[in-house]
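**Student:** please work out how this folds:
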Amino acid sequence: MRYLFEDYALDTDRRELRRGPDVLPVAPQVFDLLEYLVRNRERVVSKDDLIDVVWNGRVVSDAALTTRLNVVRGAVGDSGEQQRLIKTLPRKGFRFVGQVKEAQELTGAETHDDEAPRPAPTLPDKPSIAVLPFANLSSDPEQEYFADGIVEDITMALSRFPWLFVIARNSSFTYKGRAVDVKQVGRDLGVRYVLEGSVRKTEKRIRIAGQLINAENGAHLWADHFDGMLEDMFDLQDRVTASVVSAIAPRLERQEFERAKRKPPENLSAYDHYLRGTSKLRRVSLETISEALRHFLKAIELDPSLACAYGVAAWCYVLRRVRGWTTDDAREAAEATRLARKATQLGGDDPIALCMGGYALAVAAREYEDAERFIDRGLAINPNHAGGWRLSAWLRVWTGEPELALEHIARAARLSPLDPHIFATQGAMAFAHFLADHHDMASACAETALRNNQTSVVACVSAASNALAGRPEPARIAMSRALECNPGLRASNLGELIPFRRPEDLAKLVRGLRAAGLPD
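**Tutor:** Residues are numbered from 1 along each chain as shown. Sure, this is the predicted structure:
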């Protein structure tokens, strides 16, 4: 039987709710509730009627019933305020009041539209993912809303990554309540990766499990679970979303790096060059940064609208300059500024372009206010961008805001605890503590960073912190390391390499470095 009302069709044989040609995602219990209300539209149905039929007589709270009815209303474009289709009659029950037509079978035109096979969508150039509805493994129907909320949040969070193609929730939720073959899901939706999961309630605790699967070959790429208390459901939902996104986004990137590396050079697209360049940044050296820069510039040549390539290319020039790897500082600073401005101009909704380009503007052109505006915009677009929070922390170091820098460092570390660039986070932390006169913490953080990656800038903060704390020998050793990394380092040119906005911050660093043995 098909029940037709407004522009909706409720097909009880196929258990589908359609609006026009589109199948709307509804949970099985929501479908049962809507079907019962529509089929009994000539009378008022009581709360007990609904519980007996839909919940099989189980004890259900008024709040749970109201919540589920609101989900039913939302599925058909109604609300508790409007009650256009489903009316609540106080102390009596509920009634479906919309005009309904019944259709036993489809017309020829409808059969043709519904049954015509759809060609499988082609895989997009960028990595693609579908987040399937999480299974509710507990008997509590309230957990189903919680599970749906987690899926929706994860889908929205992933969609903020411009390099990632994310299937919309409406399409993913057509698989709700169904046993699925992830390979078939990948073919149906045209995606390379599938995220699935489950929610289980045990006494007063909730466990959420998730796994990321390569839909092309069924390989499991990641799996984890998260536990929390029932009273902290919404906090747990936010925590799970951030944890899942920060765990799977780097894995997707690494999978794409490997895929791009397997392509022959003559078949590389602009995005492939961008991927190859990004993969080189996992190790920071003169050779890897120079090779990455060549890939980014080639990506720009092939696609002059690829905003993220401009932003990361600008950052490469800035990194070369700060580490003393340039032969023409003025030319490279001008090129970094040009690329950064292009990145922020093109990257209105691209957090990588905005954050990388914004940071390059601060370091290469000392345009701190614009840098802050662009980075803040990028993080508003994607608050799960760990690299953006790290760049924001460094910017706040240069602008003399150590407390804010430490706050942003904590965000970056939480989002990416195993980040290959953790040394950069530790370096920013060292500078923030140095500015806050926490010299012991500053030197400790700097030493941790230097164990992971030797850089003259972080060695400088180690030397200055130790010198100002009255530890001349560790200060001298750190100063020697800084000069080994950058033999041209002098007190007179320090301001060109370390872009403090406030003169007093630079003066404090110079004072400590002179005490540690930095030549004038």
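**Student:** could I get the full set of strands for this protein?
**Tutor:** Taking DSSP state E as the test, the strands found in the chain are 2-5, 8-11, 16-19, 22-24, 86-89, 93-96, 101-103, 128-131, 135-136, 165-166, 193-202, 205-214, 220-229.
**Student:** in the chain, which helix or strand is least confident?
**Tutor:** Least confident helix or strand, the chain: helix 108-115 with a mean of 41, by mean pLDDT, DSSP states H and E.
**Student:** on that earlier part again, pick the most deeply packed of the strands of the chain.
**Tutor:** strand 128-131 (a mean of 26; mean count of other CB atoms under 10 Å). For every residue, glycine as well, the C-beta is placed using N, CA and C.
**Student:** what is it packed up against?
**Tutor:** Strand 128-131 is packed against helix 142-159, strand 165-166, helix 169-172, helix 182-189, strand 193-202, with contacts defined by 3 or more CB pairs under 8 Å, 6 or more residues apart in numbering; DSSP states H and E.
**Student:** of the strands of the chain, which is nearest R373?
**Tutor:** Nearest to R373, of all the strands of the chain, is strand 165-166, at 26.9 Å by CB to CB.
**Student:** quick check: closest non-adjacent residue to the spatially most central residue of the chain.
**Tutor:** By CA atoms, centre = their mean, the chain has its centre lying nearest to N384, at 4.2 Å. Spatial nearest neighbour of N384, excluding adjacent residues (CB to CB, 6 or more residues apart in numbering): V245 at 4.8 Å.
**Student:** domain ranges for the chain?
**Tutor:** The chain breaks down into these domains under automatic domain parsing: 2-115, 128-257, 263-383, 396-520.
**Student:** and the residue lying closest to L319 once chain neighbours are set aside, what does it touch?
**Tutor:** Distances taken as CB to CB, 6+ apart place I289 nearest to L319, at 5.9 Å, with adjacent residues excluded. Going by CB atoms under 8 Å, 6 or more residues apart in numbering, I289 touches K280, L281, C316, L319, R320, W325.
**Student:** switch the cut-off to 7 Å
**Tutor:** By CB atoms under 7 Å, 6 or more residues apart in numbering, I289 lies in contact with C316, L319, R320.
**Student:** same question for R366.
**Tutor:** By CB under 7 Å, 6+ apart, the neighbours of R366 are P499.
**Student:** give me the distance between it and A360.
**Tutor:** Look at R366 and A360: by CB to CB, to the nearest Å, they are 11 Å apart.
**Student:** and what of D62?
**Tutor:** Relative to A360, and taking CB to CB, D62 is found at 57 Å.
**Student:** where in the stretch 51-200 of the chain is pLDDT low?
**Tutor:** Applying pLDDT under 70 to the stretch 51-200 of the chain flags the ranges 55-61, 63-64, 104-120, 125, 139-143, 145-146, 170.
**Student:** one more time with 50, if that's ok
**Tutor:** Applying pLDDT under 50 to the stretch 51-200 of the chain flags residues 105-118.
**Student:** do the same with the chain
**Tutor:** Low-confidence segments of the chain, defined by pLDDT under 50: 105-118.
**Student:** looking at the strands of the chain, which is closest to S46?
**Tutor:** strand 93-96 (4.0 Å).
**Student:** I'd like to know which elements that closest one is packed against.
**Tutor:** When contacts are defined as 3 or more CB pairs under 7 Å, 6 or more residues apart in numbering; DSSP states H and E, strand 93-96 packs onto helix 28-39, strand 86-89.
**Student:** one step back: neighbour count winner among D62 and A360?
**Tutor:** A count of neighbours by other CB atoms under 10 Å puts A360 above the other of D62 and A360, at 34 against 8.
**Student:** next, the buried residues of stretch 496-511.
**Tutor:** L497, I498, P499, F500, R501, D505, K508, L509, V510 (16 or more other CB atoms under 10 Å).
**Student:** so how many other residues sit close to D328?
**Tutor:** Residues near D328, counting by other CB under 10 Å: 10.
**Student:** how about R239?
**Tutor:** Residues contacting R239 under the criterion other CB under 10 Å number 15.
**Student:** what sits against it?
**Tutor:** Residues in contact with R239, defined by CB under 7 Å, 6+ apart, are F226.
**Student:** that one and P28, how far apart?
**Tutor:** 28 Å.
**Student:** what does D62 give?
**Tutor:** 22 Å.
**Student:** equivalent analysis for E372, please.
**Tutor:** Shown here: E372 relative to P28, a distance of 49 Å by CB to CB.
**Student:** of these two, who's got more company?
**Tutor:** Set side by side, E372 and P28 show more neighbours around E372, with 19 against 13, by other CB under 10 Å.
**Student:** what distance do you get for R411 to F374?
**Tutor:** 18 Å.
**Student:** more crowded one of those two?
**Tutor:** Neighbour comparison, R411 and F374: the larger count goes to F374, with 28 against 20 (by other CB under 10 Å).
**Student:** my read is that S305 contacts L346, right?
**Tutor:** Yes - S305 lies in contact with L346 (CB atoms under 7 Å); the separation is 6.1 Å.
**Student:** who's more crowded, those two?
**Tutor:** In this view S305 and L346 are compared by other CB under 10 Å, and L346 has more residues nearby, 19 against 11.
**Student:** need the contact list for that one.
**Tutor:** L346 neighbours (CB under 7 Å, 6+ apart): S305, A307, Y310, A353.
**Student:** which one is R377 nearest to, not counting chain neighbours?
**Tutor:** Distance criterion CB to CB, 6+ apart; nearest residue to R377, sequence neighbours excluded, is L354 at 5.5 Å.
**Student:** tell me, how many residues neighbour that neighbour?
**Tutor:** Per other CB under 10 Å, the neighbour tally for L354 reads 32.
**Student:** isn't it up against R341?
**Tutor:** No - the criterion here is CB under 7 Å, and L354 misses it with R341 at 11.9 Å.
**Student:** need the residues touching each of those two.
**Tutor:** By CB under 7 Å, 6+ apart, L354 and R341 have no common neighbours.
**Student:** what's in contact with stretch 90-104?
**Tutor:** Contacts of stretch 90-104 (CB under 7 Å, 6+ apart): 1-6, 37-38, 41, 44-47, 69, 85-89.
**Student:** do stretch 319-328 as well
**Tutor:** The contact list for stretch 319-328, computed with CB under 7 Å, 6+ apart, reads L286, I289, D329, E332, A333, V363, T455, S456, V457, N486, G488, L497.
**Student:** ok, and the most crowded of those?
**Tutor:** In terms of neighbour count, V363 stands highest of those at 27 neighbours, by other CB under 10 Å.
**Student:** ok, that residue - contacts?
**Tutor:** Taking CB under 7 Å, 6+ apart as the test, what V363 contacts is V318, V322, P499.
**Student:** the residue nearest to N384 and G210: what is the separation?
**Tutor:** 11 Å.
**Student:** could I have stretch 485-500 exported to PDB, CA atoms only?
**Tutor:** The C-alpha coordinates for stretch 485-500 follow below in PDB (Å, rounded to 0.1, in the frame of the first residue of the first chain):
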ATOM      1  CA  CYS A 485      71.500  25.000  12.400                       C
ATOM      2  CA  ASN A 486      71.900  28.600  11.200                       C
ATOM      3  CA  PRO A 487      75.500  29.800  11.100                       C
ATOM      4  CA  GLY A 488      74.400  33.200  10.000                       C
ATOM      5  CA  LEU A 489      72.400  33.900  13.100                       C
ATOM      6  CA  ARG A 490      73.300  37.200  14.800                       C
ATOM      7  CA  ALA A 491      71.700  39.500  17.400                       C
ATOM      8  CA  SER A 492      71.500  42.200  14.700                       C
ATOM      9  CA  ASN A 493      69.500  40.000  12.300                       C
ATOM     10  CA  LEU A 494      67.300  38.100  14.800                       C
ATOM     11  CA  GLY A 495      64.300  40.300  14.200                       C
ATOM     12  CA  GLU A 496      64.300  39.300  10.500                       C
ATOM     13  CA  LEU A 497      64.000  35.600  11.400                       C
ATOM     14  CA  ILE A 498      61.700  35.800  14.500                       C
ATOM     15  CA  PRO A 499      58.700  38.000  13.700                       C
ATOM     16  CA  PHE A 500      57.700  39.400  17.100                       C
END
